[in-house]
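> sequence and predicted structure below; questions after.
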Amino acid sequence: MVELNIYMIMKKIKSIHSLIIISLILFTADSCKRDGFLVTESGLHYTIHESYGKPKAKIGDILFMHLIYKNAKDSILFDSKSMGDRFAIELIRPSFKGGIEEALAMLGEGDSASFLMPADSLYEKVFHAPRPVYIHKGEKLRFEVRLNKIQTPANSQSINSKDQPVNAKDEDFAIRKYLAENNLLVSARPSGMVYISFVEGKGEMPQVGDSVVIEYTGTFLTGELFDATSKNSGPLKFKMGDGTMLKAWEEGISLMKEGGRSRLVIPSRLAYGVQGYGPIKPNSTIIYDVQLKKVK
């Protein structure tokens, strides 16, 4: 009987020990999750809903997607369908640790996922705009993404030269016609961008690494408005040379002085090319009237 009791006690201890080990394993596994999301070492919160095992997006790829982001109350702040079915962005290096670019690089064609992003970092590093008053400090925005297509730089050139040829001479002629009709007696710079200064400004000229504050309106050659800071939550803020803006845009801003006002006429090959972007249709020349408010 004594031997039997010892056996039963040891068996119970072994069972309890096993339960403790299992509990520890479950606790450890669950510690990688927060609010139902997995968390990377960089702090990125993510949940993959569908994954088809296709090659992941790389820096330089053009990503065609359906993207929605919401606030903490589940109110939709942005739905890419409002900008048409060809919503696309170029994948660049992450703007901050655990940023949206890192999130998109986790996806291949057909994949869908949810991500949580810190609103403060998004507005400062990605949107280059003040955080709206209705989004609280420290709040996280929820992104819902379905990646429909990845267009590599090589494929983009193929499309540009074969499927939807862009006649640069025709576009340049249209730009010259626009300049003549508006009595703007200037020539294109070597890059192809046209820079027109209306007010020189008296402050500093921005250098790489400087932060700038910009007011702008964006139109087409027809005069149709497609974007403006007055329609957004405030002036545009970004850091020169951080790779988040069009190179032609940065080229134009670098020629200005604080307080200056100018116009940038950007041919499609220096803008959004054959793929377009939101309200900007493929092969569109775009015009920005820009005021450089501050350099710091």
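Received the coordinates, thanks.

> show me where pLDDT drops low in this protein?
1-35, 82-86, 154-167, 233 (pLDDT under 70).

> ranges for the helices of it?
All helices of the chain, identified by DSSP state H, fall at 2-30, 100-104, 119-121, 153-158, 168-181, 247-254.

> list the contacts of Glu50.
110-112 (C-beta atoms under 8 Å, 6 or more residues apart in numbering). To be clear about C-beta, it is placed using only N, CA and C from the backbone, and glycine gets the same treatment.

> switch to 6 Å and redo it
Glu50 makes contact with 111-112 under the criterion C-beta atoms under 6 Å, 6 or more residues apart in numbering.

> just grab the bridge partners of it for me.
Ser112 (DSSP bridges).

> Val145 now?
Going by DSSP bridges, Val145 forms beta bridges with Leu67, Ala113.

> wait, it touches Leu67, no?
Yes: counting by C-beta atoms under 6 Å, Val145 touches Leu67, with 5.3 Å between them.

> ok, those two, which is more surrounded?
Val145 (24 against 19; other C-beta atoms under 10 Å).

> contact partners for the more buried one?
Here Val145 is in contact with 65, 67, 113 (C-beta under 6 Å, 6+ apart).

> what is the nearest of those to Pro267?
Met65 (25.9 Å; C-beta to C-beta).

> separation between the closest one and Ala113?
Remark: distance between Met65 and Ala113 (C-beta to C-beta, to the nearest Å) = 11 Å.

> again with Phe64
For Phe64 relative to Ala113 (C-beta to C-beta), the value is 16 Å.

> repeat for Ser187
Distance from Ser187 to Ala113, by C-beta to C-beta: 47 Å.

> who has more neighbours out of the two?
Ala113 (19 against 8).

> and Leu236, how many neighbours does it have?
19.

> so it makes contact with Ile214?
Yes: contact between Leu236 and Ile214 holds when scored by C-beta under 6 Å: they sit 4.4 Å apart.

> how about the strands in the protein?
33-34, 37-39, 45-50, 62-70, 76-79, 88-90, 112-118, 140-151, 194-199, 211-220, 225-228, 236-239, 261-266, 286-295 (DSSP state E).

> Ala129: which of the ones you listed is closest?
strand 236-239 (6.4 Å).

> off-centre distance for the closest one?
The chain centre lies 13 Å from the centre of strand 236-239; the measure is C-alpha atoms, centre = their mean, to the nearest Å.

> contacts made by it with the rest, please.
Residues outside strand 236-239 that contact it (C-beta under 6 Å, 6+ apart): 128, 211, 213-214, 229, 244-245.

> with stretch 281-296 instead?
166, 204, 206, 210-219, 221, 256, 258, 260-268, 271, 274, 276.

> same thing with stretch 71-85?
Residues contacting stretch 71-85 (C-beta under 6 Å, 6+ apart): 66-70, 87, 135, 139, 278.

> can you list these in CSV and add distance to Glu41?
CSV is the format used below for those (distance: C-beta to C-beta, whole Å):
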residue, distance to Glu41
His66, 28
Leu67, 25
Ile68, 26
Tyr69, 23
Lys70, 26
Phe87, 30
Ile135, 26
Glu139, 23
Gly278, 33
